[in-house]
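Novice: Sharing a model prediction with you, sequence too.
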Amino acid sequence: MRFLYCTPFAAPASCSACRPRILPLPDIFRTSTFRLAASFAAAFALSTLVLFAFIYWQTTVVESARIDSALMRDAEALGGQSQPDIIEGVKVRLAADYHRLTYACLFEANGHPLAGNLESLPPGLPLDGRSRRTVIAKQHAGEGVMMVARRLADGHILVLGRSLDSLDNLRASVLNALAEGVLPTVLLSLLIGLALSRRTQRQIKSVHQSAERIMRGDLRERLPVRGNFDDFDRLAGSVNNLLDEIERLVMEVKSTTDNIAHDLRTPLTRVRSRLERARETAQSHAELQEMVDRSIVGLDQTLRIITALLRIGQIESGQRRAAFSFVDLGTIVQEIGDLYEPFAEEKSVSFSVQTPLATPIWGDRDLLCEAIANIVDNAIKFTPGKGSVQLSIRNVEGAPVLRIADTGPGIPQDEREAVMRRFYRSDKSRHVDGCGLGLSLVDAIVKLHGFRLSIHEGPDGVGCLFEMICASQPPLPGGADQSGAHSL
């Protein structure tokens, strides 16, 4: 609704209040629940109108047709009898009419009544044996009557009729019920809509309050869940799961930022100290070059950390999923085995590879090579001399499972989730070169492919066992059949 506010003496050009203002409707009338209830009320009112219209049609058309058919049938049957029988039939017909709704009369050819309750022939009534609607004069008003007039073979006239007052009263009752029933029905529907809208509005208000607290920085706030498993609860549960993931990512970013600052500060501080020392203490060109080379090594370490972080972020964004294709996991494992076999021999570590002839999976070949190589590299790196590393593929319930087992120090159970975090390094690995990003990169690649990575104790409780379960395969683009997996 629009209202105009203007003083009589204000100029139209300078009066900003004379422009139309839209007064906001109450929030309850703008809710989807109230609009839905209003739509249901309109639909119910329309269906009620249709129902009453059908009843009205039944009373006016069907009932009138039934009366017409009965009158014409009775007139034909009674008119075929003898005059005494007709007079007796008229008397019987009138005697059985307790509500005085029946008209029956036998007239002579000149219109004089012989028997019945009519004083004269209704004016304008055809004598063709078909029913007509006419009006019979009463004391105070006319009465609508459906009548049949039939001329008999001896010249007499038989008239049968049925009062339509009951039918007219029924029509009026239907119309009154329609007028009196639709409005309360609509109002009741709107009231129910208002009640439901108020309930929904309270729920939405609590959601808005929680959302405002979250936007103010309270990442532990969650949307209210009432426990009745309705649409709001399911939506709130989904949003709460999303908030849990957001909180985890924010805390991970915070932790990563702190770790980056800590891990980058150390090599950069070393580089700066070496460069300062070279500037102040170098006595010869060779001595200066040696210090610069050591500084470059520190900078390369810093660049490796930054490159690894950027690569993990790129993989976690899912951009590489568009380049997926069918690849042979067995071939990849065999290539990794050939690559790391000399490294294992150099450390006097027994290294064995067992793969089936063909194990097609859906993924990115380069990323899978990088993930497997990282795990194998760690296994050989942490396995002492005379130890062993086994790289194999097994089919478990129709899904390929990559297993990498070693006889190294292993990973304690309480650290198996922590080793997947960025920059995490256990006490056993402090003496080994690295920045703590290798398994984080592996975890990102595994999640990108929809695989599962688990860490267990090694065979006979010695060492560590990594299992990459390649069971969750994304659908092929365009709905291609997986039968083409072997045509690499």
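Specialist: Sure, I can see it.

Novice: can you give me the helices in the chain?
Specialist: Listed from the start of the chain, the chain has helices (DSSP state H) covering 27-30, 32-57, 63-79, 83-95, 165-215, 231-281, 285-316, 329-346, 365-382, 438-449.

Novice: For residue 397, find the nearest of those.
Specialist: Distance to residue 397, taken as C-beta to C-beta, is lowest for helix 329-346 among the helices of the chain, at 16.1 Å. To be clear about C-beta, it is placed using only N, CA and C from the backbone, and glycine gets the same treatment.

Novice: Compute the inter-axis angle for that closest one and helix 365-382.
Specialist: Between the direction of helix 329-346 and that of helix 365-382, the angle (axes from the mean of the first three to the mean of the last three C-alpha atoms, to 10 degrees) works out to 30 degrees.

Novice: Which positions in helix 329-346 come out as buried?
Specialist: Residues 329-334, 336-337, 340, 344 are the ones in helix 329-346 that count as buried (16 or more other C-beta atoms under 10 Å).

Novice: One more: stretch 80-92?
Specialist: Within stretch 80-92, the residues that qualify as buried by neighbour count (16+ other C-beta under 10 Å) are 86, 89-90.

Novice: nearest to residue 97, of these?
Specialist: Comparing the buried residues of stretch 80-92 against residue 97 with C-beta to C-beta picks out residue 90 as the nearest, at 11.1 Å.

Novice: so what's that closest one up against?
Specialist: By C-beta atoms under 8 Å, 6 or more residues apart in numbering, residue 90 lies in contact with 78, 104-106, 115-116.

Novice: Output these as a markdown table; include the columns pLDDT and distance to residue 216.
Specialist: Putting the contacts of residue 90 into a markdown table (pLDDT from 0 to 100; distance: C-beta to C-beta, whole Å) gives the following:
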| residue | pLDDT | distance to residue 216 |
| --- | --- | --- |
| 78 | 87 | 93 |
| 104 | 90 | 90 |
| 105 | 91 | 94 |
| 106 | 90 | 98 |
| 115 | 90 | 98 |
| 116 | 88 | 94 |
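
Novice: Most neighbours among these, which one?
Specialist: Going through these with other C-beta atoms under 10 Å as the criterion, the one with the most neighbours is residue 104, at 24 neighbours.

Novice: now that one: how far from residue 312?
Specialist: With distances taken as C-beta to C-beta, to the nearest Å, residue 104 is found 103 Å from residue 312.

Novice: Over to residue 274?
Specialist: Residue 274 is 29 Å from residue 312, where distance means C-beta to C-beta.

Novice: just to revisit the earlier point, can you tell me which of the buried residues of stretch 80-92 is nearest residue 465?
Specialist: The nearest member of those to residue 465, counting by C-beta to C-beta, is residue 89 at 107.7 Å.

Novice: and that closest one, what does it touch?
Specialist: Residue 89 sits next to 78, 81 when contact means C-beta under 8 Å, 6+ apart.

Novice: Could you list the domains of this protein?
Specialist: 24-221, 231-315, 319-486 (automatic domain parsing).

Novice: Deepest in the core, which of these is it.
Specialist: domain 319-486 (a mean of 17; mean count of other C-beta atoms under 10 Å).

Novice: Report the mean per-residue pLDDT for it.
Specialist: Domain 319-486 comes out with an average pLDDT of 78.
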